[in-house]
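Participant: Make a model of this:
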Amino acid sequence: MIKRLCQILEMIRFSHTLFALPFALMAAAMAWLVPLADGAKVPFRLQHLLGILACMVSARSAAMAFNRLVDRKIDAENPRTERRHLPQGTLGSGSVILFTLVSSAAFVASTLLFLPNQLPILLSIPVLLFLLLYSFTKRFTSLAHFFLGASLMLAPVCTWIALRGDLLADDPGDLLPSLVLGLAVLLWVGGFDMIYACQDVSFDQQAQLKSIPARIGVPAALRLAAICHLAMILVLLGLPHVGRLAGPSLPLGWIYHVGLLGVAVLLVYEHLLVRPDDLTRVNIAFFRVNAVVSVGLFFFVTLDLLL
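Facilitator: Presented below is the predicted three-dimensional model:
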């Protein structure tokens, strides 16, 4: 049983929860540390932190396991993915289906930790269905990369709703900081997923699967990914100023901007690693650099808010 669970966690790349989790924790830090309109702060509660962690881990686990189920035949035909657990028979579909159901149930149950705020439990099923829908998108739209980005965008937005949702009826603008942060996540994920998809251009075209690299070619896709990452930096530059439009003012100063400069340098490095005629370093760009981006940005935002 333990061996099978370890194989499932390896299959869903459990360690890659690191991509979205820091943005959820970043939104949590903002929600806790940024004062409300009356000057008060949302109290920190350990059960809320546990709820965020449980929701993030269970939701991503359900979505990734479902993705492996839906794509198992495609993965078996793709030389890059033919050695994954389901195509190889290392795991059976029954075990993965059970894991998906348990993870889905755990996600819904975890939202109860935010009561008496009822919004998380009311939104849990729609959010879960949205996450699962991603697995089908490359069959009908080249914008699947941005659908993945929208799925990870839900991490900061849902965290904010879970912690400050009671305020939204009286002040809908309070949601704006999480939406801006979420937009940055959407652009970031959409860009690096385009880079990752460049590896499968030939297979996607042959299998009639949709992706931006398969549609416009690798050089143009890499340029579009760079534009997305530039737009991400511009959005994050605007994050401290959202209070001028609506919602709370975010006291982010020089520490945040130093961290943002570091993120920009990392993204430039990511794009220097990958060239149209050399995709051998995509995994370094995709996994290592982006993990540092998410964790680093969380660190600098939280440090700035605390100081």
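Participant: What residues does Gly253 make contact with?
Facilitator: Shown in contact with Gly253 (Cβ atoms under 8 Å, 6 or more residues apart in numbering): 240, 304. For the C-beta atoms, the positions are set from N, CA and C on the backbone; glycine is no exception.
Participant: repeat for the one 5 residues further on
Facilitator: With contacts taken as Cβ under 8 Å, 6+ apart, Val258 has the following neighbours: Phe300.
Participant: Distance of it relative to Val268?
Facilitator: 16 Å (Cβ to Cβ, to the nearest Å).
Participant: burial of the closest residue in space to Leu133 that isn't next to it in sequence, as a residue count?
Facilitator: Leaving out its chain neighbours, the residue that sits closest to Leu133 by Cβ to Cβ, 6 or more residues apart in numbering is Phe147, at 7.6 Å. Residues near Phe147, counting by other Cβ atoms under 10 Å, number 20.
Participant: Over to Leu267?
Facilitator: Look at Leu267: counted by other Cβ under 10 Å, it has 24 neighbours.
Participant: Need the pLDDT of the nearest residue to it once chain neighbours are set aside.
Facilitator: Distances taken as Cβ to Cβ, 6+ apart place His229 nearest to Leu267, at 4.6 Å, with adjacent residues excluded. His229 carries a pLDDT value of 97.
Participant: In three-state terms, label Thr90 for me.
Facilitator: coil (DSSP: H, G, I helix; E, B strand; the rest coil).
Participant: what do you get for Arg83?
Facilitator: coil.
Participant: Would you mind giving both backbone torsions of it?
Facilitator: With angles defined as degrees, to the nearest 10, Arg83 sits at phi -100, psi 10.
Participant: and it, how many neighbours?
Facilitator: Neighbours of Arg83 (other Cβ under 10 Å): 11.
Participant: Next one, pLDDT for it please.
Facilitator: 83.
Participant: same thing with Lys3?
Facilitator: The per-residue pLDDT of Lys3 was computed as 67.
Participant: what's the helix or strand harbouring Pro120 packed up against?
Facilitator: Taking DSSP states H and E as the definition, Pro120 sits inside helix 119-137. Under the contact criterion of 3 or more Cβ pairs under 8 Å, 6 or more residues apart in numbering; DSSP states H and E, helix 119-137 touches helix 46-70, helix 93-110, helix 144-164.
Participant: Report the inter-axis angle for the last one versus helix 119-137.
Facilitator: Angle, helix 144-164 to helix 119-137, by axes from the mean of the first three to the mean of the last three Cα atoms, to 10 degrees: 170 degrees.
Participant: average pLDDT across helix 144-164?
Facilitator: 95.
Participant: now it and helix 46-70, what's the angle there?
Facilitator: Using the same axes, to 10 degrees: helix 144-164 against helix 46-70 is 160 degrees.
Participant: Same question for the shortest one.
Facilitator: Between the axis of helix 93-110 and that of helix 46-70 there is an angle of 150 degrees, by the same axes, to 10 degrees.
Participant: mind listing what's buried in helix 93-110?
Facilitator: Of all the residues in helix 93-110, those buried under the rule 16 or more other Cβ atoms under 10 Å are 95-96, 99-100, 103-104, 106-108, 110.
Participant: So which of these is the closest to Ile233?
Facilitator: Nearest to Ile233 among the buried residues of helix 93-110, counting by Cβ to Cβ, is Phe107 at 31.5 Å.
Participant: so where is the stretch 201-307 of the chain shaky, pLDDT-wise?
Facilitator: In the predicted model of the stretch 201-307 of the chain, residues 285 satisfy pLDDT under 70.
Participant: Now do the helices for it: every range, in order, please.
Facilitator: Taking DSSP state H, counting those that start in this stretch as the test, the helices found in the stretch 201-307 of the chain are 201-207, 212-216, 218-238, 254-273, 282-283, 290-306.
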